[in-house]
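Chemist: here are the coordinates; sequence isn't available:
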């Protein structure tokens, strides 16, 4: 599996993906200047823009790398060469996942350094009314990385049942968009006030989707980082446990489907 992880990383760097990310990292230099337009909330705006930019970059990477990794290998016939070696399909799939996850971690770390420097510069230039909780900021970046690693698992699962990259890409995007509202929908349909407005079938469907789709809202700690609110340790542990359990289920299902897939 280690060799598959190394091959995955080498392939990503060979495609100059990391160089493109470094080019986007230049945008962090302009964040303090753009945040200064907000006048009274320069630091808060700098944190918001920094976290949003990192999330956008990680989203693009998780969707397109996760959705096209297996597809490109099968199109170029790399998969057939690998599975002919004494390497199981499950090990190959897990190697791909951990390689992509490691690249997301490296990317997030580099972008986090750039973001922290930009925020520190904003703090020095425009001292905020409330102190910046750097620990909460680091936790927000860490859990954002975990969120997009989980999304890579969704993309790989869809890749195991698709013969093109359209379903993995658009399916992952739809799962990401739906995951942000499942909690609100679930709470709404189970409110006593909505008992007469929501049919039992719709309530059951919303419940199934709530447990089936990933709930990524718990990974969002941006509010804590922006306004200096200390995160709840119990909530962090629950979210971490959810990440491990849900990602394991995704990888288990992907490995099972990939083992049974016919290679043509």
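Modeler: Thanks, I have the structure now. Computed from a prediction, not measured in an experiment: that's the story for all the values here. Numbers count the residues shown, from 1 in each chain.
Chemist: list the buried residues in the helix or strand encompassing residue 226.
Modeler: Element membership of residue 226, judged by DSSP states H and E, is helix 222-227. Neighbour counts using 16 or more other Cβ atoms under 10 Å place 222, 224, 225, 226 of helix 222-227 among the buried residues. C-beta here means a position set from N, CA and C on the backbone, and glycine is covered the same way.
Chemist: now it: how far from the chain's centre is it?
Modeler: How far helix 222-227 lies from its chain's middle: 18 Å, per Cα atoms, centre = their mean, to the nearest Å.
Chemist: need the next SSE after it, C-terminal direction.
Modeler: helix 233-260.
Chemist: the residue located most distally from the centre of the chain: what secondary structure?
Modeler: Centroid-distance maximum for the chain: residue 196 at 37.0 Å, with Cα atoms, centre = their mean. Put simply, residue 196 is coil when judged by DSSP: H, G, I helix; E, B strand; the rest coil.
Chemist: again, but for residue 40
Modeler: Assignment for residue 40 (three-state DSSP): coil.
Chemist: residue contacts, the residue nearest to residue 235 when sequence neighbours are not counted?
Modeler: Closest residue to residue 235 apart from its sequence neighbours, by Cβ to Cβ, 6 or more residues apart in numbering: residue 218 at 7.3 Å. Residue 218 makes contact with 235, 238, 239, 242, according to Cβ atoms under 8 Å, 6 or more residues apart in numbering.
Chemist: tell me how far the third one lies from residue 51.
Modeler: According to Cβ to Cβ, to the nearest Å, residue 239 and residue 51 sit 17 Å apart.
Chemist: format the buried residues of helix 222-227 as CSV; extra columns: distance to residue 136.
Modeler: Output for the buried residues of helix 222-227, formatted as CSV (distance: Cβ to Cβ, whole Å):
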residue, distance to residue 136
222, 10
224, 5
225, 5
226, 9
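Chemist: can you tell me which residue is nearest the centre of the chain?
Modeler: residue 148 (1.0 Å).
Chemist: quick one: pLDDT of that residue?
Modeler: The score at residue 148 is 95. That number is its pLDDT.
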